[in-house]
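Peer 1: predicted coordinates and the sequence they were generated for:
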Amino acid sequence: MAEIIVVTSGKGGVGKTTTSAAIGSGLALRGHKTVIIDFDVGLRNLDLIMGCERRVVYDFVNVLNDEANLNQALIKDKRNNLLFILPASQTRDKDALTQEGVQKILNELAESFDYIICDSPAGIEKGAQMALYFADQAIVVTNPEVSSVRDSDRILGILQSKSLRAETGAEPVKEHLLLTRYNPSRVADGEMLSVADVEDILAIPLLGVIPESESVLKASNLGEPVIFDETADAGQAYSDAVSRLLCEEVEFRFLEAEKKGLFKRLMGAR
Amino acid sequence: MSDTCFQLKGSVVTTFILELYTFSLSDFTLQLEDKINQAPMFFKQSPVVISLDKITENITEINLDELLTACRRFDLQPMAFKCSHKRFLDAIKATGLTLLSENALRNLTNTPVAAEASHNIKNTDVKENTQLHKSKLISRPVRSGQQIYAEGGDLIILSQVSEGAEVLADGNIHIYGTLRGRALAGVKGNTNARVFCTKMEAELISVAGHFMLSDSLREKVWKQPAQVYLDEQILHVETV
């Protein structure tokens, strides 16, 4: 039986799709057969981040409407043969999603996959609720600033009350906090909330802290999930997060500001 | 000096209240018989107060003599009436029984004796009163956008209340965690209700409609264990 993990946040632009791509790729790299589903119907992005935009023929909504079967719509990643993408439709809207339809697709995927990653759209409306409804675990992506933290709190409330597990009284959805765009030197200057602040407000276990990094933007533009870049700090931080998701104990990195050496200071480099 | 003739003592008498909704002799007799047959000994010679407060609007006249006779036939002892509707007052006077004031009756229903008696009877109003004091327990964080209401009792939260969340209770609110949202105790007007929390960072606190915003809280108890209560119409907040 596959584990269904939703990547959600409430707020837009915090790094949900980047995280879905990185975590999904990371799980595949560890030998788990993984599919990433783009729930952002109408604002498809995952295909770009994964670098498979030219290979999209059929999409999630086609499968929902029985216009195509799953095997036609699934795109196999060209870097890893355990990794698949189910793209969203760009020409439809969220109303195309139905609970029965989503359940049917998830059930079918669960037969052959170990992990199903649901990349949620922003907001708390239908699209986001559909993405989280069937989840076993949730990765709540948060930026270290107050509005993102509050929106994450809101989405945690929805996970608690409107997920299938909540409605049936089953064991609650397992929640993980993933802090992205973390900039230790700005935290030290008091411009950003610290890890401790966010943990205190949200009160859920920390899965990872991804440092603010140029490598993330570069990876997105290249269509190659940042986790494949083993030299990048963000890639390593995502890799640590995947380890923790698989219940390994890994020490947190990139939490402290890098001390500038004499040479760097003289050169005025950042 | 002659011997003392009497002594006046305060006392509490256990009674039933028979709340009448509508009256026709045949239906009333039938239903009363049914009720009494459930526990004949329990009702034997019980004093009864008859309340006409819940009587259906369009009923203007009731044959109270028939009502009393029916009660006595089943060995009940009607001792008084309670009625806030003016249209029945003359008829009550004519029966010769006492008309209880609003306050007198409230005292009667709230005595512990009355509550005890309710354990022995099924399907009475007294029992419903005791059930109202149930408290609500929440063990997970109350998140932004969520609202929790403990109707008729206390609310106990074993976790935090986030900013943008709202917790309400007819009774007290106890929060064993940080309170960052809104907490409203005594929402139905209970001025004795209080709010307690182990770390105060609330947006708003209210007791029976008297409220206080975070600005006032910041001056005194911010991030400390605190309680809020109402005294002489003034909201007090202090550390605990």
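Peer 2: Noted; the coordinates are in hand.

Peer 1: what about the residue of chain B found nearest chain A, neighbour count?
Peer 2: Of all residues in chain B, residue B:143 sits closest to chain A, at 3.0 Å by Cβ to the nearest Cβ. (C-beta placed from N, C-alpha, C; glycine too.) For residue B:143, the count of nearby residues is 26 (other Cβ atoms under 10 Å in any protein chain shown).

Peer 1: that one against residue B:163, yeah?
Peer 2: No: with contact defined as Cβ atoms under 8 Å, residue B:143 does not count as touching residue B:163 (9.6 Å).

Peer 1: list residues touching both of the two?
Peer 2: residue A:153 (Cβ atoms under 8 Å, 6 or more residues apart in numbering or on different chains).

Peer 1: got a pLDDT number for the residue of chain B closest to chain A?
Peer 2: Looking at residue B:143, its pLDDT reads 96.

Peer 1: and what of residue B:236?
Peer 2: pLDDT recorded at residue B:236 is 94.

Peer 1: tell me the pLDDT of the residue nearest to residue B:146 when sequence neighbours are not counted.
Peer 2: Nearest residue to residue B:146, sequence neighbours excluded (Cβ to Cβ, 6 or more residues apart in numbering or on different chains): residue A:157, at 4.5 Å. Looking at residue A:157, its pLDDT is 95.

Peer 1: going on from the host helix or strand of residue A:17, what's the next piece of helix or strand?
Peer 2: According to DSSP states H and E, residue A:17 maps onto helix A:16-29. Sequence-wise, the next helix or strand downstream of helix A:16-29 (DSSP H and E) is strand A:34-38.

Peer 1: and that following strand, how far from the chain's centre?
Peer 2: 10 Å (Cα atoms, centre = their mean, to the nearest Å).

Peer 1: interface residues of chain B facing chain A?
Peer 2: B:140-146, B:159-160, B:162-165, B:178, B:180 (Cβ under 8 Å from any Cβ of the partner chain).

Peer 1: please flag which of those sit within strands.
Peer 2: Among those, DSSP state E puts residue B:178 in strands.

Peer 1: wait, which of the residues of chain B next to chain A is closest to residue B:224?
Peer 2: Nearest to residue B:224 among the residues of chain B next to chain A, counting by Cβ to Cβ, is residue B:178 at 10.9 Å.

Peer 1: for the closest one, list the residues it contacts.
Peer 2: Per Cβ under 8 Å, 6+ apart, neighbours of residue B:178: A:200, B:160-161, B:197-199, B:201.

Peer 1: just residue B:206 next, same as before
Peer 2: Applying Cβ under 8 Å, 6+ apart, the residues near residue B:206 are B:182-185, B:187, B:212.

Peer 1: farthest pair in the residues you listed?
Peer 2: B:187 and B:212, at 15.1 Å, using Cβ to Cβ across the contacts of residue B:206.

Peer 1: how much space separates the residue in the stretch 151-270 of chain A that chain B sits nearest to from residue B:193?
Peer 2: In the stretch 151-270 of chain A, the residue found nearest to chain B is residue A:157; the distance is 3.0 Å by Cβ to the nearest Cβ. For residue A:157, the distance to residue B:193 equals 25 Å [Cβ to Cβ, to the nearest Å].

Peer 1: same question, residue A:102
Peer 2: In terms of Cβ to Cβ, residue A:102 sits 45 Å off from residue B:193.

Peer 1: neighbour-wise, which of these two wins?
Peer 2: The residue with more neighbours, out of residue A:102 and residue B:193, is residue B:193; 23 against 19, by other Cβ under 10 Å.

Peer 1: if we can go back for a sec, okay if I get the contacts of residue B:178 as TSV plus pLDDT?
Peer 2: Below are these laid out as TSV (pLDDT from 0 to 100):
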residue	pLDDT
A:200	95
B:160	96
B:161	97
B:197	97
B:198	97
B:199	96
B:201	96
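
Peer 1: quick one: low-confidence residue ranges for chain B.
Peer 2: Within chain B, the stretches with pLDDT under 70 are B:1, B:13, B:102-133.

Peer 1: the helices in it, which residues?
Peer 2: Secondary structure of chain B (DSSP state H): helices located at B:25-37, B:40-43, B:64-73, B:89-95, B:102-110, B:112-118, B:125-131, B:214-220.

Peer 1: return the set of buried residues in the longest one.
Peer 2: Taking 16 or more other Cβ atoms under 10 Å in any protein chain shown as the basis for neighbour counts, the residues of helix B:25-37 that come out buried are B:28-29, B:32, B:35-36.

Peer 1: that one - contacts with which helices or strands?
Peer 2: Contacts defined by 3 or more Cβ pairs under 8 Å, 6 or more residues apart in numbering or on different chains; DSSP states H and E place helix B:25-37 against helix B:64-73.

Peer 1: sorry, back to before: dump the residue contacts of the residue of the stretch 151-270 of chain A closest to chain B.
Peer 2: B:142-146, B:162, B:165.
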